[in-house]
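>>> 3D model of this:
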Amino acid sequence: MRMLGVDDDAVWRTMVVKGLAKSRYDTVEARDGREALAILQSRGAISLLITDMMMPEFEGLGLLEHTRRTPSLANLPVLICSELGSSDVLFRAAHRNVLAHLLKPIDLPRLR
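Residues are numbered from 1 along each chain as shown. Reported below is the predicted structural model:
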């Protein structure tokens, strides 16, 4: 199972992506939605997208909306990991078939 972790916070990426890798998950990381899209289009099958919502440049909701409009990514499982988000953003994300929304700080054993 290959997972893509997307967050502009390098500490979060290191903790989550490296923590999952230590549990023998195949992990890839991206700094924002644009980098994530490039990875999704070039690196082959990603089984799970774990993304923050609030990022500069290209944020998580835009990434989520793009995946849902792209036939090859439309059914990609998505897990949102974010700090408190606006109810509008969470509502819009929920209507795009996300698996779950976990609040930061992430409980790594729970995520595994």
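
>>> any idea how far residue 21 is from residue 54?
24 Å (C-beta to C-beta, to the nearest Å). Where you see a C-beta, it was placed from the backbone N, CA and C, and this is true even at glycine.

>>> again, but for residue 73
Counting by C-beta to C-beta, the gap from residue 73 to residue 21 is 23 Å.

>>> One more: residue 35?
18 Å.

>>> Those two: which has the busier surroundings?
Comparing residue 35 with residue 21 by other C-beta atoms under 10 Å, the one with more neighbours is residue 35, at 18 against 15.

>>> So for the helix or strand harbouring the more buried one, what gets flagged as buried?
According to DSSP states H and E, residue 35 maps onto helix 33-42. Within helix 33-42, the residues scored as buried using 16 or more other C-beta atoms under 10 Å are 33, 34, 35, 36, 37, 39, 40.

>>> Same list (these) but as JSON lines, adding pLDDT and distance to residue 61.
Shown next, in JSON lines, are the buried residues of helix 33-42 (pLDDT from 0 to 100; distance: C-beta to C-beta, whole Å):
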{"residue": "33", "pLDDT": "93", "distance to residue 61": "9"}
{"residue": "34", "pLDDT": "93", "distance to residue 61": "14"}
{"residue": "35", "pLDDT": "94", "distance to residue 61": "16"}
{"residue": "36", "pLDDT": "95", "distance to residue 61": "13"}
{"residue": "37", "pLDDT": "92", "distance to residue 61": "13"}
{"residue": "39", "pLDDT": "94", "distance to residue 61": "18"}
{"residue": "40", "pLDDT": "92", "distance to residue 61": "16"}
